[in-house]
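A.B. asks: give me coordinates for this.
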Amino acid sequence: MFKTFFKISFYTLVAFSTTSFIMIVLELLLYSQIKELPEIHIGTPLNFYILSPNEEMNYRTFLEWKYFLYDYIIFCIIVFIYFQLKNKIKPN
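C.D. replies: A predicted model of the protein is given here:
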């Protein structure tokens with residue numbers, strides 16, 4: 001029971017971190033191609049962190065903890081469903 005819980009938690013953390021990192025890199029790549037100041041939104045599907053420039057070229061940051069928690073729970077559900085389907089399809 002605990003082994004499965006920690007396994008799902010670990011895979012959720014890895015998937016969540018990897019997806020967020022890939023989204024940041026793709027967003028920076030897009031903004032570098034169009035030569036604009038980046039306004040970075042981190043989080044999939046809900047943006048839990050926003051980094052945006054203002055008029056003085058300083059960056060404002062916004063962190064929404066509830067969206068961060070919602071994103072993590074969504075990834076937890078996806079990983080849990082993945083493990084349920086994997087165990088159901090696994091041949092004996």
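
A.B. asks: show me where pLDDT drops low in this structure?
C.D. replies: Scanning the chain for pLDDT under 70 picks out the ranges 57, 90-92.

A.B. asks: which element follows the top helix by length along it toward the C-terminus?
C.D. replies: Ranked by number of residues, the top helix in the chain under DSSP state H is helix 2-34. Sequence order places strand 40-42 as the next helix or strand after helix 2-34, per DSSP states H and E.

A.B. asks: tell me, what residue is most central in this structure?
C.D. replies: Geometric centre of the chain, nearest residue: residue 20, 3.7 Å, by Cα atoms, centre = their mean.

A.B. asks: ok, the residue lying closest to it once chain neighbours are set aside to residue 29 distance?
C.D. replies: Of all residues not flanking residue 20 in the chain, residue 42 sits nearest, at 5.5 Å (Cβ to Cβ, 6 or more residues apart in numbering). The C-beta positions use only the backbone N, C-alpha and C, and glycine is treated the same way. Going from residue 42 to residue 29 by Cβ to Cβ, to the nearest Å gives 15 Å.

A.B. asks: mind listing what's buried along stretch 67-87?
C.D. replies: 67-68, 71-72, 75-76, 79 (16 or more other Cβ atoms under 10 Å).
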